[in-house]
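Q: Next one to model:
(2 chains)
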Protein chains: 2
Amino acid sequence: MPERTEIASLGEFGFIRRLTQTFSNKNSSTIKGVGDDAAVLSYDGKQTLVTTDLLLEGIHFDLIYTPLKHLGYKAAVVNFSDIYAMNGTPKQLTVSLGISKRFSVEDIDTLYEGLHLACEQYGVDLVGGDTSASVTGLLLSLTCIGEAEKESVVYRNMAKENDLICVSGDLGAAYMGLQLLEREKVVFAGNPEMQPDFSGKDYLLERQLKPEARKDIIELLREKQIIPTSMIDISDGLSSELLHLCTQSHTGCRIYEDRIPIDYQTAVMAEEFNMNLVTAALNGGEDYELLFTMPMSMHEVIDSLEGVTLIGYMTRAELGCRLITRDEQEFDLKAQGWSMEKAINELKNQ
Amino acid sequence: MPERTEIASLGEFGFIRRLTQTFSNKNSSTIKGVGDDAAVLSYDGKQTLVTTDLLLEGIHFDLIYTPLKHLGYKAAVVNFSDIYAMNGTPKQLTVSLGISKRFSVEDIDTLYEGLHLACEQYGVDLVGGDTSASVTGLLLSLTCIGEAEKESVVYRNMAKENDLICVSGDLGAAYMGLQLLEREKVVFAGNPEMQPDFSGKDYLLERQLKPEARKDIIELLREKQIIPTSMIDISDGLSSELLHLCTQSHTGCRIYEDRIPIDYQTAVMAEEFNMNLVTAALNGGEDYELLFTMPMSMHEVIDSLEGVTLIGYMTRAELGCRLITRDEQEFDLKAQGWSMEKAINELKNQ
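A: Numbers count the residues shown, from 1 in each chain, chains lettered A, B, ... in the order given. All right, here's what the predicted structure looks like:
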């Protein structure tokens, strides 16, 4: 009997590491391969950035409450976000689709309306793709190509001890939006006459269904001539992403609970759901905000960056990755974000 | 009631055209978007080529007779072939996977062995991807990036009247390999004790399970300083691909039945299956040979190109696309290759 290891036992990153460790780069044009938000390629002067994402019905989206236009928009924006997280500019997009016969041409038109809107909004060209029948449901695979000046590409591994940790926008709202939609789905299943009441929760729904990539923050940084020492976009939750920066930069960190930016609607919703607000803000995914580090010397510049919050600083690796609560207790940060393992467990429990 | 058009009613290309027609290119770096084997991007000096492919279990491959290692190899090579078909060199590859819990880590290791082998063989770097759980079966989405000198990229739309039509290797063998595997699958289902007899058919199996991209032909052309006027790789059958060249170049064509290169094993197999050999060679997909055109003046050079066969020439568009048989009858070429419509019909018939 051949050995059999369950994929879930490795976790997503262990699994990817295992699969890719035997590959080594052979071309001088490959500056950076697996291991960051996008690959970096160099073809004279500018560097080319490439990122890719796979979205599967029943795993990444639920069409019961995700309009197809929103799905298209979000699928594109999520990829643009990865390019911005390298301090680059998204330029081209390829979109591949697997489509079951449940979908009509009009359905896919609607999906493409969303893709089109995103491409217009962010100045990106659709340059290719592949379309196929699928046995079950809808799937999208997107690849985005961007460019950046060689000197300004920002990786995950260049944060230093004492660097300041900054985050754009606010956190946890997309997760709360998802909880809200899931609740209404259950209510609707029980009583289809019931109309969902989303009043006062529009921000949460928008964050979940129509997220934006922080192009504005990247432009602001450029304007102020700031190049972060490390950067990542928050797709899997603040804790998980900050741990990536620390692991790859060989640092520890200290972040402060009372500094974590949270919107009023997120707080109200957490109370309504009887959920811990900070847990939601630390671990809720899909915010697509930017998490980045800057040298301590830039402390005053950060104050002038609208929409950017200073939440803590990097430390020596030996000091660990710590959250300091309002009452000055300390806890280890844990990655409890989205993971393949969780997705597989959800499948098992269906 | 909203209008509902069945996707199958548009055909694959009509469908893609419909979806992409509202997109216009906004960046000067986008030289060529949708509509060829790969997109062409320009970042100073060299041009960057991008191509993408989606492979779904139950649609594009059957794991009953496709070893996972071969699947990985083929998935990569098919993408490289698209880059060569632009007269470029594949350089980077991203691989996204959707995996159901039916698969173990070792299974995916095996798949990656095939990908790795292909990358080594063709000098390509794996630079990224995305991995996800899938509700049903295995799916792969690959994107390949290549480079080319600006002056030597070959498109589909530059063939001229009187250009000579050339094809590399031989045709129809991959299709016959598939027929053979499908037959043995049925036999095996009826009697699992029965061992398949593949003796004397190794070439057909290899063409189906472990195809190669024609890197050697591209190198040969380069060595002889030949830049074809148009080029495409044969993934959907000679007829279908030649019609693409003619449509995009606004030409007609005449090709000769007795010139179509066919291997001995393909011929034997066609007889065994009581199939029309020429139909198989014209319409059988997945050969991944190169189909290209050259000016009439290069007639003598073609004779010196080992592994390349002259099969006909381009004409004025009004003369149509014609096949001339051994007994000098003429027929219109028809695209009967792989199509989304066929795949969907197959699904309907399951």
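Q: tell me the contacts of A:Ser235?
A: Neighbouring residues of A:Ser235 by Cβ atoms under 8 Å, 6 or more residues apart in numbering or on different chains: A:Val78, A:Ser81, A:Glu241, A:Gly285, A:Glu286, A:Asp287, A:Tyr288, A:Trp338. C-beta here means a position set from N, CA and C on the backbone, and glycine is covered the same way.
Q: ok, it to A:Ile145 distance?
A: 19 Å (Cβ to Cβ, to the nearest Å).
Q: A:His60 now?
A: From A:His60 over to A:Ile145 (counting by Cβ to Cβ), the distance is 22 Å.
Q: now swap in A:Ala174 and tell me
A: A:Ala174 is 26 Å from A:Ile145, by Cβ to Cβ.
Q: These two: who's more crowded?
A: Taking other Cβ atoms under 10 Å in any protein chain shown, A:Ala174 and A:Ile145 do not tie; A:Ile145 has more neighbours (32 against 23).
Q: a strand runs through the more buried one, doesn't it?
A: Yes - assessed by DSSP: H, G, I helix; E, B strand; the rest coil, A:Ile145 belongs to a strand.
Q: Mind listing the residues bridging to it?
A: On the basis of DSSP bridges, A:Ile145 is bridged to A:Val50, A:Gln92.
Q: Go ahead and confirm it touches B:Leu49.
A: No - between A:Ile145 and B:Leu49 there is no contact, the gap being 10.9 Å when judged by Cβ atoms under 8 Å.
Q: where along chain A do the strands fall?
A: Per DSSP state E, chain A carries strands over the ranges A:30-32, A:39-42, A:47-56, A:89-99, A:125-133, A:139-148, A:164-168, A:230-234, A:251-256, A:289-294, A:308-316, A:321-324, A:330-332.
Q: Turn those into CSV, including distance to B:Ala267 and mean pLDDT.
A: Rendered in CSV, the data for the strands of chain A read as follows (distance: least, Cβ to Cβ, whole Å; pLDDT from 0 to 100):
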stretch, distance to B:Ala267, mean pLDDT
strand A:30-32, 44, 59
strand A:39-42, 45, 62
strand A:47-56, 42, 88
strand A:89-99, 36, 87
strand A:125-133, 32, 81
strand A:139-148, 39, 91
strand A:164-168, 65, 97
strand A:230-234, 56, 94
strand A:251-256, 66, 97
strand A:289-294, 62, 97
strand A:308-316, 69, 97
strand A:321-324, 67, 96
strand A:330-332, 69, 94
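Q: out of those strands, nearest to B:Lys334?
A: Taking Cβ to Cβ, strand A:125-133 is the member of those nearest to B:Lys334, at 21.5 Å.
Q: so what does the closest one touch, helix or strand wise?
A: With contacts defined as 3 or more Cβ pairs under 8 Å, 6 or more residues apart in numbering or on different chains; DSSP states H and E, the packing partners of strand A:125-133 are strand A:89-99, helix A:105-122, helix B:11-20, strand B:30-32, strand B:39-42, strand B:47-56, helix B:340-348.
Q: domains for chain A, by residue range?
A: Domains of chain A are assigned by automatic domain parsing as A:7-152, A:164-348.
Q: what's the spacing between A:Asn162 and chain B?
A: Spatial separation of A:Asn162 from chain B under the definition Cβ to the nearest Cβ, to the nearest Å is 31 Å.
Q: How about that residue, nearest residue that isn't a chain neighbour?
A: Take A:Asn162 and drop its neighbours on the chain: the residue closest to it by Cβ to Cβ, 6 or more residues apart in numbering or on different chains is A:Met296, 4.8 Å away.
Q: can you pull the contacts of that neighbour?
A: Per Cβ under 8 Å, 6+ apart, neighbours of A:Met296: A:Asn162, A:Asp163, A:Leu164, A:Tyr313.
Q: Could you find which two of those residues are furthest from each other?
A: Farthest apart among the contacts of A:Met296 by Cβ to Cβ are A:Asn162 and A:Leu164. That separation is 8.0 Å.
Q: Could you check which of the two has the larger neighbour count?
A: The residue with more neighbours, out of A:Asn162 and A:Leu164, is A:Leu164; 22 against 14, by other Cβ under 10 Å.
Q: And stretch A:151-168, what's buried?
A: Of the residues in stretch A:151-168, A:153-156, A:158-159, A:161, A:163-168 count as buried by neighbour count, 16 or more other Cβ atoms under 10 Å in any protein chain shown.
Q: brain fart, stretch A:236-247
A: For stretch A:236-247, a neighbour-count test (16+ other Cβ under 10 Å) marks A:Asp236, A:Gly237, A:Leu238, A:Ser239, A:Ser240, A:Glu241, A:Leu242, A:Leu243, A:His244, A:Leu245, A:Cys246 as buried.
Q: I am finished for the moment; much appreciated.
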